[in-house]
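S.K.: Quick check, what structure comes out for this input:
(2 chains)
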Amino acid sequence: MGGHRRGAMGKILAVVIVIIGLASAYPILKNQYPLPEDISTHGHLIDDQLNDTMMEAGISFVGAQLLLAYFLWTFSGRKPGSPLKDFPGGAKVLVIFAFVIVGTEVIALGAFGQKAWASVYFTSARADSLQIQAQAEQFAFYFRYAGPDGKFGMIHPEKIDEGNQNYFGLDPENDVAARDDIVSGELVVPMSKEIHLMLHGKDVGHSFYVRELRIQQDFVPGLDLSVHFTATKVGKYEIVCTQLCGLGHYNMKAYLNVMSQVDFDAWLKQQSQ
Amino acid sequence: MKAMRVGLGALVSLAAAGVVLAGPKPPGGTISGKVTYEGTPAKMKPIDMSKEPSCAKMYTTPPVAETVVTGPGNSLQDVVVYISAGAPDDAAPATAAVFTQKGCRYIPHVLAFQVNQELKIVNEDQTSHNIHPLPKLNREWNKSQPPGTPAISEKYDKAEFIPVKCNVHPWMHGNFAVMKNRHFAITVDGGSFTLANLPPGKYTVTAWHESYGDQSQEVTISGSETKTVNFTFKAKPY
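M.R.: Predicted coordinates:
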């Protein structure tokens, strides 16, 4: 009686597992949760990589559930006292088998994905890209443009005076290059032009994340890191800090404003007045 | 006992009112004058509040920094003019000095009040603030104030000029002027000030500006005369 019931329960569980496995795969196959809009030239590489990863992980997941259900269905209701069957070759072979399968998967994802990563991080920005400096501080982002002279003024941390709008510690009195630097709380960029964004952290770790740009890069105080991207669509997008940086972290954001080249030039001119 | 306290409170209020509403013949002498600047002051930059839309939408044109605020005729605003020597220390008035956070700015930009006087900090914004005054002599604190929370009550027990910042909004900046006595004024539009009800004596009058520093002059008051004292600060273009 007990064995018979156990066998029925095993078969029911096998069916339930198959249903759960297939039901989980359905919304993914239907693309129920699509990625946000991509407004960068490199974003499709990252999206392709995410899709590959999702597909590979999805096939492994559904395969593992079906295998589990098969074993449950086949071996449930075992008579008490009947001998146990081992995996051919024993546990050692099973572990090696799993190790090779998972290892191949991880290495393959890395090998195919390195192109996407390298295109953003391992190539330098074009020589004619527009240089903008981003500074992260508790709890805001500020962006600096070189101004009409094309030169950035030096940063003097001791001259930082936020109440007087000197977020970068510029010294316009002695540093001519700093006089025409433009500082904005919004990252305004022209469309279809490569932007070379140089990240400067003022206090603690922060992160620059724009999901539509497919870029997420930490600010590390003391390290001058940089990213480059080309935006392909006019619009306003949110920049958020994705590195817990303190009490006001939830409120640390700014906006990316992608404009046409004409509008951008007009904006820049207006800012330097 | 209670009646006495009420009476005392009324007396203090009356005295405080007397300072503001100096009649044609005040019971003491008066020092009045004007604070001006020479040279070219730095052009104040607009404040970009785009990260805080609830504040940004309160302005049609972005407000500018208030480090140097000038008025007609080269007058200088937000200068604290006070008796730095010659007057006895006064007890704190019963009324509270109010410092308001509105539109992600501090109103007023410079708030003067007396030692041990109640300081009330109000948040009228739809966002959280974290007020952080930076004293050198008094005890330092910083307090978070989400929207809709009651006023914060504080006091300082030593005279000092204290810069104030907000730990959430880097552009927010103000000043506390903690005064030893009740003889102080802050210049507004036009740069003029009046220190009334001064008993006869020799005083040091000091004018303090957050960016240009301070200047002092000696003044002797006899009877109920009015003496004119002017201050001129040297403006810096950067």
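S.K.: give me every residue that touches the closest residue to B:E140 other than its chain neighbours.
M.R.: Spatially, and ignoring its direct neighbours in sequence, B:E140 is nearest to B:L134 (6.7 Å; CB to CB, 6 or more residues apart in numbering or on different chains). Backbone N, C-alpha and C define where each C-beta goes, glycine included. For B:L134, the contacting residues are B:140, B:162-165, by CB atoms under 8 Å, 6 or more residues apart in numbering or on different chains.
S.K.: Which residues of chain B lie near chain A?
M.R.: By the rule CB under 8 Å from any CB of the partner chain, the part of chain B lying against chain A is B:44-45, B:47-52, B:65, B:67, B:127-128, B:130, B:144, B:163, B:165, B:167-174, B:211, B:236-238.
S.K.: now the helices for the stretch 151-273 of chain A?
M.R.: Ranges of helices in the stretch 151-273 of chain A, per DSSP state H, counting those that start in this stretch, are A:261-271.
S.K.: Poorly predicted segments of it, please.
M.R.: By pLDDT under 70, the stretch 151-273 of chain A contains no weakly predicted segment.
S.K.: Which residue does it have closest to chain B?
M.R.: A:G163 (2.5 Å; CB to the nearest CB).
S.K.: looking at it, B:G33 is touching B:F231, isn't it?
M.R.: Yes. In terms of CB atoms under 8 Å, B:G33 counts as a neighbour of B:F231; the distance is 7.0 Å.
S.K.: Is B:P72 in contact with B:S192, as I believe?
M.R.: No. At 11.2 Å, B:P72 and B:S192 do not qualify as touching, with contact defined as CB under 8 Å.
S.K.: who's more crowded, these two?
M.R.: Neighbour totals were compared for B:P72 and B:S192, and B:S192 leads with 16 against 8 (other CB atoms under 10 Å in any protein chain shown).
S.K.: who's in contact with the more buried one?
M.R.: B:S192 makes contact with B:32-35, B:75 under the criterion CB under 8 Å, 6+ apart.
S.K.: if you set the cut-off to 10 Å instead, what comes out?
M.R.: Applying CB atoms under 10 Å, 6 or more residues apart in numbering or on different chains, we find B:S192 in contact with B:32-35, B:71, B:75, B:81, B:185, B:230.
S.K.: can you list these in CSV and add neighbour count?
M.R.: Shown next, in CSV, are the contacts of B:S192 (neighbours: other CB atoms under 10 Å in any protein chain shown):
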residue, neighbour count
B:S32, 17
B:G33, 22
B:K34, 20
B:V35, 28
B:G71, 16
B:S75, 19
B:V81, 28
B:A185, 22
B:N230, 14
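S.K.: Looks to me like B:W208 is in a helix.
M.R.: No. Counting by DSSP: H, G, I helix; E, B strand; the rest coil, B:W208 is not part of a helix but strand.
S.K.: Test my guess that it contacts B:V178.
M.R.: No. Contact criterion CB atoms under 10 Å: B:W208 and B:V178 do not qualify, at 11.7 Å.
S.K.: Overlap in contacts, the two.
M.R.: B:112, B:161.
S.K.: coming back round to it: find residues that contact each of B:G33 and B:F231.
M.R.: B:81, B:187, B:191, B:193, B:205, B:207, B:217.
S.K.: can you map out the helices along chain B?
M.R.: Ranges of helices within chain B are B:2-20, B:53-56, based on DSSP state H.
S.K.: ok, what's across the strand from the residue of chain B found nearest chain A?
M.R.: Using CB to the nearest CB, B:H173 is the residue of chain B that sits closest to chain A, at 2.5 Å. Legend: beta-bridge partners of B:H173 under DSSP bridges are B:K165.
S.K.: My guess is it contacts B:E66. True?
M.R.: Yes. Using CB under 10 Å, B:H173 is in contact with B:E66, at 7.5 Å.
S.K.: where do the contact lists of those two overlap?
M.R.: Common contact partners of B:H173 and B:E66 (CB under 10 Å, 6+ apart): A:163-164, B:47, B:105-106, B:109, B:210.
S.K.: Quick check: the residue nearest to B:E140 vs A:D224, distance?
M.R.: 29 Å (CB to CB, to the nearest Å).
S.K.: same deal with B:K180?
M.R.: 48 Å.
S.K.: who has more neighbours, the two?
M.R.: Comparing B:K180 with A:D224 by other CB under 10 Å, the one with more neighbours is B:K180, at 18 against 11.
S.K.: which residues touch that one?
M.R.: By CB under 10 Å, 6+ apart, the residues touching B:K180 are B:82-85, B:87-90, B:114-115, B:158-159.
S.K.: What of A:H206?
M.R.: Per CB under 10 Å, 6+ apart, neighbours of A:H206: A:134-141, A:199, A:217-221, A:241-246, A:249, A:252.
S.K.: Show me which of the residues you listed are buried.
M.R.: Buried by 16 or more other CB atoms under 10 Å in any protein chain shown: A:134-141, A:199, A:217-220, A:241-243, A:245, A:249, A:252, out of the contacts of A:H206.
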